[in-house]
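**Q** A structural model of the following input is requested.
(one chain, ligands or ions: 1)
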Amino acid sequence: MDTTQYKDVYVFCEQREGVIQSVALELLGKARELADTLKENVVAILLGKNITNKAQDLIAAGADKVLVVDNDLLKDYLTEPYTQAITQIINEQKPSILMIGATTIGRDLGPRLSARVSTGLTADCTKLEIGEERELLMTRPAFGGNLMATIVCKDHRPQMSTVRPGVMKKMTADANRKGEIVDYKINFNEEKISRVRLIKTVKEDKGMIDISEAKILVSGGRGVGSQEGFNKLEELAGVLNAQVSSSRACVDAGIIDHSRQVGQTGKTVRPDLYIACGISGAIQHLAGMEESEFIVAINKDKFAPIFNVADVGIVGDVNKIIPLLTERLKGMME
Ligand SMILES: Cc1cc2nc3c(=O)[nH]c(=O)nc-3n(C[C@H](O)[C@H](O)[C@H](O)COP(=O)(O)OP(=O)(O)OC[C@H]3O[C@@H](n4cnc5c(N)ncnc54)[C@H](O)[C@@H]3O)c2cc1C
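**A** Now for the predicted structure:
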């Protein structure tokens, strides 16, 4: 393949019900950095129905150009129409790089696209940089998180990667940024699309905020021990207006749902405050939370590795400390 024909950094900007997902803005921030290094452009791909009015937000977040495909077939996410649209864009526009959020949608779309255009895909990247030969260096944990592998896609284009929400940083939005908005037309193969129909959408419980969006997380590990211990964390979270998350140990023990798991096989979080309660700080857990703004760790073992990343460490029994902390904070919040 003649890779020299390919240029620009493309980002698939996921929207749900017309709301641009945070991960799209994070990817645009990273894409801006990569494109500036390459002296190329950032191009956003926005698919949906009645979404053209969101294109300016993508320009404010770092895009130079937005390709909008506004079509009834793209109203709700379905693998086939979304794959057809982006495949046509790749074949016609020849992007050098394509970034996708590692959401449930992105994890479905990325592999399908890479197979259709015969290129590679590096999933769950934690670092993206430009190498000496202008290639994309895609770094991700390997071998159970025990080492970081840097992967290059030498002979095929686009160089595709998925990145989890919360890993990259958004640019500060600039409403005065100028860019081009293109109304892009796709020749859909409707016969192929009609094989799958969306019958019903079942939404997650809205009362719970996604942990990757939370500003404060009270996170419990095996040291919290039981459901009763987690009820105490819920109380503390209530006082702080926080969400409860956990290590994998408590998910495996059936105490808390997987959607609340932080780490390599859970979610990546970057809250303003992360309170780690009875969590040892295994590398797979740290991979999901070490970029938090401020980390408080409570652990009875003063040598627990979590203290290496903590801003404040409290050595003691979490089951005694949490109720005391909750009471004290209640008093302060009143
Ligand atoms: C491929 C792979 C992927 C993984 N992905 C993830 C992931 O996404 N997220 C994740 O979290 N893990 C993940 N793990 C598991 C990870 O390796 C650890 O096993 C796990 O994080 C341990 O959870 P923990 O810290 O709650 O438990 P432990 O490691 O058992 O630590 C419990 C801690 O609690 C402390 N403690 C005990 N009692 C008290 C008390 N009363 N008061 C205060 N402190 C107390 C102990 O001193 C200890 O430090 C993964 C592992 C593999 C191999």
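
**Q** from what I can see residue 46 touches residue 58, true?
**A** Yes - assessed by C-beta atoms under 8 Å, residue 46 is found in contact with residue 58 at 6.5 Å. Every residue, glycine included, has its C-beta placed from N, CA and C.

**Q** who has more neighbours out of these two?
**A** residue 58 (29 against 26; other C-beta atoms under 10 Å).

**Q** what do residue 46 and residue 58 both touch?
**A** Taking C-beta atoms under 8 Å, 6 or more residues apart in numbering as the contact criterion, the common neighbours of residue 46 and residue 58 are 13, 66.

**Q** where do the strands sit along the stretch 51-200 of the chain?
**A** Here the stretch 51-200 of the chain has its strands, by DSSP state E, counting those that start in this stretch, at 65-70, 97-101, 121-122, 127-130, 136-142, 147-151, 159-163, 180-183.

**Q** chain center to the second one, what's the gap?
**A** If I follow you right, that is strand 97-101. Per C-alpha atoms, centre = their mean, to the nearest Å, the displacement of strand 97-101 from the mean C-alpha position of its chain is 12 Å.

**Q** for that strand, the averaged confidence score.
**A** Across strand 97-101, the average pLDDT comes to 98.

**Q** what's the answer for stretch 320-328, then?
**A** The average of the pLDDT scores along stretch 320-328 is 95.

**Q** what comes up buried for it?
**A** By 16 or more other C-beta atoms under 10 Å, the buried positions in stretch 320-328 come out as 321-322, 325-326.

**Q** swap in stretch 229-241?
**A** Under 16+ other C-beta under 10 Å, the buried positions of stretch 229-241 are 229-230, 232-233, 235-237, 239-240.

**Q** for these, which one is nearest the ligand?
**A** Nearest to the ligand, judged by C-beta to the nearest ligand atom, of those is residue 229 at 8.4 Å.

**Q** mind pulling up the pLDDT for that closest one?
**A** Listed pLDDT for residue 229 reads 95.

**Q** could you find the closest non-adjacent residue to it?
**A** residue 319 (6.0 Å; C-beta to C-beta, 6 or more residues apart in numbering).

**Q** quick one: that neighbour from residue 30, how far?
**A** Distance, residue 319 to residue 30, using C-beta to C-beta, to the nearest Å: 41 Å.

**Q** which residues of the stretch 51-200 of the chain score low on pLDDT?
**A** 144-145 (pLDDT under 70).

**Q** how about 90 then?
**A** 141-148, 164-167, 169 (pLDDT under 90).

**Q** and stretch 233-241 with the ligand, contact?
**A** No - figure legend: stretch 233-241 not in contact with the ligand (C-beta under 6 Å from any ligand atom); closest approach 12.1 Å.

**Q** could we number from 28 for the rest of this?
**A** Understood, numbering begins at 28; the last thing we discussed is stretch 260-268.

**Q** wait, what's in contact with residue 332?
**A** 307-309, 313.

**Q** residues of the chain that sit close to the ligand?
**A** 171-172, 248-250, 274-276, 288-293, 305-307, 309, 311-312, 315, 325-328, 331, 344-346.

**Q** which of those residues fall in strands?
**A** When DSSP state E defines the strands, the subset of the residues of the chain next to the ligand inside them is 325-326.

**Q** okay, helices next: where are they in the stretch 128-277 of the chain?
**A** 131-143, 217-220, 254-267, 275-279 (DSSP state H, counting those that start in this stretch).

**Q** would you mind giving those as JSON lines with distance to residue 162 added?
**A** Shown next, in JSON lines, are the helices of the stretch 128-277 of the chain (distance: least, C-beta to C-beta, whole Å):
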{"stretch": "helix 131-143", "distance to residue 162": "17"}
{"stretch": "helix 217-220", "distance to residue 162": "34"}
{"stretch": "helix 254-267", "distance to residue 162": "44"}
{"stretch": "helix 275-279", "distance to residue 162": "34"}
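
**Q** not counting its neighbours along the chain, what's nearest residue 314?
**A** Closest residue to residue 314 apart from its sequence neighbours, by C-beta to C-beta, 6+ apart: residue 291 at 4.6 Å.

**Q** the one you found: how many residues sit nearby?
**A** 22.

**Q** what sits against it?
**A** For residue 291, the contacting residues are 168, 172, 311-312, 314-315, by C-beta under 8 Å, 6+ apart.

**Q** farthest-separated two in those?
**A** Farthest pair in these (C-beta to C-beta) is 168 and 312. Separation: 12.1 Å.

**Q** so these two - more neighbours on which side?
**A** With neighbours defined as other C-beta under 10 Å, residue 168 and residue 312 compare such that residue 312 has more, 27 against 17.

**Q** just checking: what are the partner strands of whatever helix or strand residue 74 lives in?
**A** Element membership for residue 74 (DSSP states H and E) is strand 69-75. Partners of strand 69-75 in the sheet, by DSSP bridges, are strand 36-39 (parallel), strand 92-97 (parallel).

**Q** who's in contact with the longest one?
**A** Under the contact criterion C-beta under 8 Å, 6+ apart, strand 92-97 has outside partners 40, 68-79, 82, 85-86, 112, 116, 120, 206-213.
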